[in-house]
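Peer 1: predicted model and sequence follow; I will ask about them next.
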Amino acid sequence: MEGEIHNFIVVWTVVLASLCYSHTIVKFFRNGKSRFVSIIPIVCLFFILPLYLSSIHLGGTTTFFIAGLATFKLLFFAFGKGPLSSTPPLPLSTFIPLACLPIKFQKYSTDDVERTKKAKNSTLNHVTKITLLAILIRVYSYKEYLHPKIIIFFYCLHIYFMLEIILIMISATVRRISRVELEPPFDKPYLASSLQDFWGKRWNLIVSNILRLTVYNPVHSIVANWIPRKWAPIPATLATFFASGLAHELIFYYIGRLKPNGEAMMFFLIHGVALSLEIVIKKIFNGRFWVPRIISGPLALAFIFFTSSWLFFPPWLRGNIDLKVCSEYIAFYQFLRYGKLISPTNITCSLP
């Protein structure tokens, strides 16, 4: 575990130095080819650095932040676009967290009553999710007594709780340092009324915004010159889900060191096709026919769960990622309790 923490510190030292370099080149290179050439080595480096980490939480989050987010933002920045581009240029203290973290700045609210109410609700919400996540970890010790579909449902909840807790912690830290309001990473995905609502407005909003800027909008602009603009969202949607599938195949490789077999790609392509069909149907009927939210919402969530259990989670199960996650939680718990770093590989997934 000590070696992993050492590698984590080294990797993020390199990341910070690379982002300082990327921020500085604005003074020497204009937008376009020259800046693109100067940033490409950093993008390549960001794909290599996660290979030096093997844990789920340190390695997985690092992969997500630098290979999954920073690379897209830096490529867009090379052409003077995206969240990192600003006139005047962003200060370094803003550029670094905005480049590698899943955050998005929004206008600061001056309504103290509204902020206090939201803070209280958020605190209760976060405490509830942390408690539920702890319960899930405990339940994994008895998973041989549970139906596989129930375990997969618990994995769905685990990913949601873990991502939101991690992202909220990061947002809170950045908010305290930079004194700015940040957009929430999720918007109650369990209340989604359709696939379009789930993927576009509720699930992992920061990543959705990045993919919209880097993939969806450029493809939409290109194909709109060849096909009626009404149908341009279809190929743009498919391209976006294809890019997301590639990114997840890469993330799965970093986390489990498993050879990609296309399951994650197939999962996102199926959702891209299903979402495209939803868009087509909505455009054809143009509001003349609609499915009640009480029906469409559960159907969308059931489709997500079914395809996840079929394609998204099998790579996790083959790589015993659930056991690794559980062991890392217990190692962290024992560190807090006893002050000793213990390798997760020497821990069985059961709480003391």
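Peer 2: Looks like it arrived, so ask away. Numbers count the residues shown, from 1 in each chain.
Peer 1: output the below-cut-off pLDDT ranges for the stretch 151-300 of the chain.
Peer 2: Along the stretch 151-300 of the chain, the parts satisfying pLDDT under 70 run over 178-183, 287.
Peer 1: which residues of it fall in strands?
Peer 2: Listed in chain order, the strands of the stretch 151-300 of the chain (DSSP state E, counting those that start in this stretch) span residues 181-182.
Peer 1: repeat that for the stretch 1-150 of the chain.
Peer 2: Counting by DSSP E, counting those that start in this stretch, the strands of the stretch 1-150 of the chain are 105-106.
Peer 1: excluding its backbone neighbours, what's nearest Lys283?
Peer 2: Distances taken as C-beta to C-beta, 6 or more residues apart in numbering place Lys230 nearest to Lys283, at 6.4 Å, with adjacent residues excluded. From N, CA and C alone the C-beta is placed, and that goes for glycine too.
Peer 1: near the one you found, how many other residues are there?
Peer 2: Neighbour count of Lys230, defined by other C-beta atoms under 10 Å: 9.
Peer 1: gap between it and His220?
Peer 2: 12 Å (C-beta to C-beta, to the nearest Å).
Peer 1: Ala224 against Ala232, yeah?
Peer 2: Yes - Ala224 is in contact with Ala232 according to C-beta atoms under 8 Å; the separation is 4.3 Å.
Peer 1: break this structure down into its structural domains.
Peer 2: Domain assignment of the chain by the TED database yields the ranges 4-100, 112-185, 189-319.
Peer 1: for stretch 29-48, buried residues please.
Peer 2: Going by neighbour count (16 or more other C-beta atoms under 10 Å), the buried part of stretch 29-48 is Phe29, Arg35, Phe36, Ser38, Ile39, Ile42, Val43, Phe46.
Peer 1: err, stretch 190-201, not the other one
Peer 2: Neighbour-count burial for stretch 190-201 flags Ala192, Ser193, Ser194, Leu195, Gln196, Asp197, Phe198, Trp199, Gly200 (criterion: 16+ other C-beta under 10 Å).
Peer 1: for the last one, give me its contacts.
Peer 2: When contacts are counted by C-beta atoms under 8 Å, 6 or more residues apart in numbering, Gly200 touches Ser208.
Peer 1: number of residues surrounding Leu250?
Peer 2: Neighbours of Leu250 (other C-beta under 10 Å): 17.
Peer 1: wait, what's in contact with Leu317?
Peer 2: Counted by C-beta under 8 Å, 6+ apart, Leu317 has zero contacts.
Peer 1: Leu51 now?
Peer 2: Leu51 neighbours (C-beta under 8 Å, 6+ apart): Tyr254.
Peer 1: any idea how far it lies from Lys27?
Peer 2: For Leu51, the distance to Lys27 - C-beta to C-beta - is 32 Å.
Peer 1: was I right to think Leu213 contacts Phe79?
Peer 2: No - if you go by C-beta under 8 Å, Leu213 and Phe79 don't touch, sitting 11.2 Å apart.
Peer 1: which parts of the stretch 251-352 of the chain are helices?
Peer 2: Along the stretch 251-352 of the chain, counting by DSSP state H, counting those that start in this stretch, helices occupy 263-285, 293-307, 314-318, 321-338.
Peer 1: in CSV: these, plus distance to Arg138.
Peer 2: Listed next are the helices of the stretch 251-352 of the chain as CSV, based on distance: least, C-beta to C-beta, whole Å:
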stretch, distance to Arg138
helix 263-285, 28
helix 293-307, 22
helix 314-318, 19
helix 321-338, 9
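Peer 1: and of the ones you listed, who's closest to Leu92?
Peer 2: Closest approach to Leu92 among those (C-beta to C-beta): helix 321-338, 31.3 Å.
Peer 1: quick revisit: would you turn the buried residues of stretch 29-48 into TSV with pLDDT and distance to Gly245?
Peer 2: Converted to TSV, those look like this (pLDDT from 0 to 100; distance: C-beta to C-beta, whole Å):
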residue	pLDDT	distance to Gly245
Phe29	76	32
Arg35	84	29
Phe36	85	25
Ser38	89	29
Ile39	90	24
Ile42	93	24
Val43	91	19
Phe46	93	19
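Peer 1: which one of those residues is nearest Thr237?
Peer 2: Val43 (25.0 Å).
Peer 1: give me the number of residues near the residue lying closest to that closest one once chain neighbours are set aside?
Peer 2: Once flanking residues are discounted, Val43 sits nearest to Thr71: 5.0 Å by C-beta to C-beta, 6+ apart. By other C-beta under 10 Å, the residues close to Thr71 number 21.
Peer 1: test my guess that Pro15 contacts Leu49.
Peer 2: If you look again at residue 15, you'll see it is Val, not Pro. Yes - between Val15 and Leu49 there is a contact at 6.7 Å, judged by C-beta under 8 Å.
Peer 1: what's the overlap in contacts for the two?
Peer 2: Ile66.
Peer 1: sorry, back to before: a markdown table for the buried residues of stretch 190-201, including distance to Ile103?
Peer 2: Below are the buried residues of stretch 190-201 laid out as a markdown table (distance: C-beta to C-beta, whole Å):
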| residue | distance to Ile103 |
| --- | --- |
| Ala192 | 22 |
| Ser193 | 26 |
| Ser194 | 27 |
| Leu195 | 25 |
| Gln196 | 24 |
| Asp197 | 23 |
| Phe198 | 21 |
| Trp199 | 20 |
| Gly200 | 19 |
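Peer 1: check contacts around Val43.
Peer 2: Each residue near Val43 by C-beta under 8 Å, 6+ apart is listed here: Thr71, Leu74, Leu75.
Peer 1: can you put those residues in CSV and add distance to Lys283 and pLDDT?
Peer 2: What follows is the contacts of Val43, written out as CSV (distance: C-beta to C-beta, whole Å; pLDDT from 0 to 100):
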residue, distance to Lys283, pLDDT
Thr71, 33, 89
Leu74, 35, 89
Leu75, 31, 86
